[in-house]
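Novice: sequence and predicted structure are below.
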Amino acid sequence: MKKSIFFIAAIFLTTGLCAQEKFNVPEVPVEQKYQNMVGQFDAIITVGINYAKTQGLTAAEYGTFCGEQFKYSWNKDAGFEGLVKGMLYNMSCFLADPGIEITANTAEKVKFKTRLMSAGIKNNEPVYGVTYKEYIDCIKAVTSTISDYLGCKSELSYDEEWMYFTVSKK
């Protein structure tokens, strides 16, 4: 009797082990990795804004908090030039087709426009309880805080297709 119970248990165990799905590491093309990571960035920012709202903060206040954390990763000595180069680099990274165009370029002020950042949020708002305006308010506050740290002033506006940046020396 013990042998038959053991035999039946062994069959069920073997069947269960053999029936388990085998997992493989996916091979993901670089373009899909990029899109996934940009989507993750958008999700983390919008969830953070939503959480801040539950704590009585605005999206801009949350952005200021983030900017206060991030500003020390920027080279303060690089000032205006470092800020403009960094912003152009970052926008080139965040957009698959940034369509960046520098519209004004002087020693005191640079204006440029890019394709709309995080258009998926705009097209599907609210995302995680956050509107596109709140998202942009957060990004403005992050950018302004970093700009101020580097001795600069930055402005950000947008329309249906473009984001417009103005960076100037104080």
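Specialist: Done, it's in.

Novice: mind listing the helices for the chain?
Specialist: 2-19, 30-54, 59-70, 79-94, 119-124, 132-149 (DSSP state H).

Novice: turn these into JSON lines, including mean pLDDT, mean neighbour count and distance to Ile100.
Specialist: For glycine as for every other residue, the C-beta is placed from the backbone atoms N, C-alpha and C. Compiled in JSON lines, those are given as follows (pLDDT from 0 to 100; neighbours: other Cβ atoms under 10 Å; distance: least, Cβ to Cβ, whole Å):
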{"stretch": "helix 2-19", "mean pLDDT": "58", "mean neighbour count": "9", "distance to Ile100": "53"}
{"stretch": "helix 30-54", "mean pLDDT": "93", "mean neighbour count": "15", "distance to Ile100": "16"}
{"stretch": "helix 59-70", "mean pLDDT": "98", "mean neighbour count": "19", "distance to Ile100": "21"}
{"stretch": "helix 79-94", "mean pLDDT": "94", "mean neighbour count": "16", "distance to Ile100": "6"}
{"stretch": "helix 119-124", "mean pLDDT": "91", "mean neighbour count": "14", "distance to Ile100": "15"}
{"stretch": "helix 132-149", "mean pLDDT": "98", "mean neighbour count": "21", "distance to Ile100": "15"}
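
Novice: quick one: contacts for Glu31?
Specialist: Applying Cβ atoms under 8 Å, 6 or more residues apart in numbering to Glu31 gives the contacts Ala96.

Novice: what's near enough to touch the spatially most central residue of the chain?
Specialist: In the chain, the centroid-proximal residue (Cα atoms, centre = their mean) is Phe41; its distance is 3.0 Å. Phe41 sits next to Phe94 when contact means Cβ under 8 Å, 6+ apart.

Novice: run the last query once more with 10 Å
Specialist: Phe94, Met117, Ser118 (Cβ atoms under 10 Å, 6 or more residues apart in numbering).
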